[in-house]
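Chemist: Everything below, folded, please.
(one chain, ligands or ions: 1)
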Amino acid sequence: MMQYDKARIDPKRRAGLDYKKKQFASPNYKQQDYAHRLNFYEVPPTEEITLEQFEQWAIDRLRVLSELETCSYRNKTPAETAAHIAPILQKFLPLSANTSSSSGIDERLKNERKKDHYSHFILRLAFSSTEDLRRRFARLETMLFRFRFQQDDGKERRAFIENLNFHWDIVPEEEKRELSEDLLATTGFKRLEDESWFKVDWDKVPELVERRGVFLRKGKAYVPMREQLSMILAEFTARLERALEFTSRALPRLDEDDRLMPILEHLSHNFGTSDSTYSEGEGSVPGAPITAASVDALSQHFPLCMRNLHIQLRKNAHLKHFGRLQYTLFLKGIGLTLDDCILFWRQSFRGFTDDEFNSKYKYNIRHSYGDVGGDSNRRGRGYPPYSCQKILTDNSPGAGQTHGCPYRHFSVDNLMTLLQSVGVNDKEVLRGVKEDVSKTRFHIACNRVFEWSHKAEIKKVRDEGTWSQSDLDTIVHPNTYFKRSYLLKNLGKVPKDVEMTT
Ligand code: SF4
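Modeler: Numbers count the residues shown, from 1 in each chain. Below is the predicted model of the structure:
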């Protein structure tokens with residue numbers, strides 16, 4: 001797959017390769033003709049590409065997947081997602097229909113499909129190492145496939161499906177008539193004759209089973225033709241999940257290659273902490289009084305995760321490591337300087353002597369700001385503040401720990417108590433939060449509380465037309481929560497040039 005620099009491999013190491021590695025090093029070559037625009041990614045690529053293409057194609061695909069993930073976190077409708085993603089796909093990963101070329105599958109179509117094919121497999125390598133990465137990758141790839149499938153030319157789509165050889169059992173007419181009542185009742189169709197049904201193992205269509213859209217009998221789900229998309233997507237996800245498992249087992253063999261591993265690690269790290277919705281400095285409000293002494297007053301603008309950390313800090317004059325890290329990075333993100341941050345923690349940790357504080361805690365604060373340690377990329381900048389996605393999915397808090405997201409990590413009772421203690425006492429809002437949390441829509445619960453706490457101000461900027469709809473998009477980052485809250489509560493007082501512009 002790569003242009004391989006044979007001279008780089010020590011002959012002794014080559015001789016020491018075991019038979020599995022030899023198999024890995026000599027892939028079976030299968031020429032791809034890319035007859036279809038869509039791809040189930042069943043056959044790995046084996047042609048040579050350059051190292052630059054390897055990296056650039058993967059980065060381009062990652063951009064598309066990150067944007068899709070952002071749309072889903074922002075709860076955008078399918079139509080809004082389609083409008084958002086279409087130009088991004090066109091720019092980074094175009095995939096044209098056969099009908100766009102008058103001369104068959106020409107070079108342009110082949111190159112587009114090749115890039116799509118290779119970039120999928122490169123990211124598969126990068127994102128197969130942990131269960132969390134595998135799950136996210138499969139979910140986003142399925143979203144991308146769904147989007148492309150729906151956009152595809154009807155004739156080409158049919159040809160693609162036929163080529164997949166799914167071997168789904170068509171329900172014979174006799175059986176269809178025998179089950180007619182059940183089939184009509186579960187689907188809500190009026191007439192039996194107009195529809196064909198497939199029989200598949202019920203666990204192949206979990207989405208349909210969950211919404212009771214299919215009739216079940218003897219372990220089989222009876223799926224109407226018009227639900228074909230669900231079946232194809234379920235099949236796509238299942239095959240990809242299996243392939244990712246398989247790739248994760250093969251991954252250690254890649255250790256032989258000291259050029260690919262750094263690229264793959266870099267890609268997966270960016271995906272793990274990626275936040276395409278937040279860039280450095282975005283959460284701060286220039287000119288606002290952000291000092292060690294003002295954090296107490298500013299905490300009214302903090303989202304519940306940071307509010308909780310602040311409350312716990314004031315109560316116990318201490319926070320454990322991950323709580324300190326989450327809170328320090330957030331404070332850095334709102335614009336607290338390193339000196340003020342050290343002062344803030346020093347004053348907060350009342351029970352410690354200067355020596356204890358300096359030896360146990362000060363280094364980590366400086367490290368978060370990039371003042372010490374870290375690799376050269378991070379020096380001077382440190383680490384970015386955590387996004388909701390990272391807080392929600394990384395490292396759940398254990399006993400005595402206070403980091404994480406209360407909507408995700410608190411019991412419902414404790415969450416209600418915390419919300420009421422910070423003044424959220426509207427019964428409708430609390431009921432809505434409970435419902436969001438029960439559906440694992442944690443950031444939606446957080447946005448619900450934000451909208452309630454700022455409803456007068458939101459109405460004002462809407463009525464006056466001073467903020468656009470995108471200024472009020474669903475919040476997916478604690479620092480965006482802070483900035484938006486601060487600006488809304490200080491309308492007219494904050495200089496115009498720092499008001500929301502994105
Ligand atoms: Fe914090 Fe995000 Fe959770 Fe809100 S949803 S509390 S901002 S982690």
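Chemist: quick check, stretch 65-78 touching the ligand?
Modeler: No: using C-beta under 6 Å from any ligand atom, stretch 65-78 stays clear of the ligand, coming no nearer than 9.8 Å. Backbone N, C-alpha and C define where each C-beta goes, glycine included.
Chemist: Spatially, which residue comes closest to the residue nearest the centre of the chain, not counting chain neighbours?
Modeler: Compute the mean C-alpha point of the chain, and by C-alpha atoms, centre = their mean the closest residue is residue 69, 4.4 Å away. Using C-beta to C-beta, 6 or more residues apart in numbering and skipping residues adjacent in sequence, the residue nearest residue 69 is residue 140, 5.7 Å away.
Chemist: Which pLDDT value goes with that neighbour?
Modeler: If you check residue 140, the pLDDT there is 93.
Chemist: residues contacting it?
Modeler: Residue 140 sits next to 65, 68, 69 when contact means C-beta atoms under 8 Å, 6 or more residues apart in numbering.
Chemist: in terms of contact, does residue 101 touch residue 110 like I think?
Modeler: No: with contact defined as C-beta atoms under 8 Å, residue 101 does not reach residue 110; the gap is 10.0 Å.
Chemist: before we move on, back to that, if I look at the residue nearest to residue 69, how far off is residue 493?
Modeler: 41 Å (C-beta to C-beta, to the nearest Å).
Chemist: The residue nearest to the centre of the chain belongs to a helix?
Modeler: Yes: under DSSP: H, G, I helix; E, B strand; the rest coil, residue 69 sits within a helix.
Chemist: My guess is it contacts residue 141. True?
Modeler: No: assessed by C-beta under 8 Å, residue 69 is found out of contact with residue 141, at 11.2 Å.
Chemist: interface residues of this structure facing the ligand?
Modeler: Residues of the chain lying near the ligand (C-beta under 6 Å from any ligand atom): 303-305, 388, 391, 405-407, 442-443, 446, 478, 481.
Chemist: Please identify which of those is nearest to residue 153.
Modeler: Residue 153 lies nearest to residue 443 out of these, by C-beta to C-beta, at 36.4 Å.
Chemist: Now do the domain split for the protein, please.
Modeler: 32-163+237-269, 165-228, 292-499 (automatic domain parsing).
Chemist: any idea which of these scores lowest on pLDDT?
Modeler: Among those, domain 165-228 carries the lowest mean pLDDT, a mean of 84.
Chemist: In the stretch 101-250 of the chain, what residue lies closest to the ligand?
Modeler: Residue nearest to the ligand within the stretch 101-250 of the chain: residue 132 (16.4 Å; C-beta to the nearest ligand atom).
Chemist: Helix or strand: which one has that residue?
Modeler: Residue 132 belongs to helix 131-151 when assigned by DSSP states H and E.
Chemist: In that helix, which residues are buried?
Modeler: Neighbour counts over helix 131-151 (16 or more other C-beta atoms under 10 Å) mark 133-134, 136-149 as buried.
Chemist: how far is it from where the chain is centred?
Modeler: 10 Å (C-alpha atoms, centre = their mean, to the nearest Å).
Chemist: Tell me how many other residues surround residue 360.
Modeler: 11 (other C-beta atoms under 10 Å).
Chemist: just residue 493 next, same as before
Modeler: Neighbour count of residue 493, defined by other C-beta under 10 Å: 9.
Chemist: contacting residues around it?
Modeler: Residue 493 neighbours (C-beta under 8 Å, 6+ apart): none.
Chemist: wait, is it part of a helix?
Modeler: No: read with three-state DSSP, residue 493 is coil and lies in no helix.
Chemist: Please identify which residue in the stretch 51-200 of the chain comes closest to the ligand.
Modeler: Counting by C-beta to the nearest ligand atom, the stretch 51-200 of the chain gets nearest to the ligand through residue 73 (9.8 Å).
Chemist: Excluding covalently adjacent residues, which one is nearest to that residue?
Modeler: residue 476 (4.6 Å).
Chemist: I figured that neighbour hits residue 391, correct?
Modeler: No: assessed by C-beta under 8 Å, residue 476 is found out of contact with residue 391, at 10.6 Å.
Chemist: Please point out which parts of the helix or strand harbouring residue 431 sit buried.
Modeler: Assigning secondary structure by DSSP H and E places residue 431 in helix 427-438. Of the residues in helix 427-438, 429, 430, 432, 433, 436, 437 count as buried by neighbour count, 16+ other C-beta under 10 Å.
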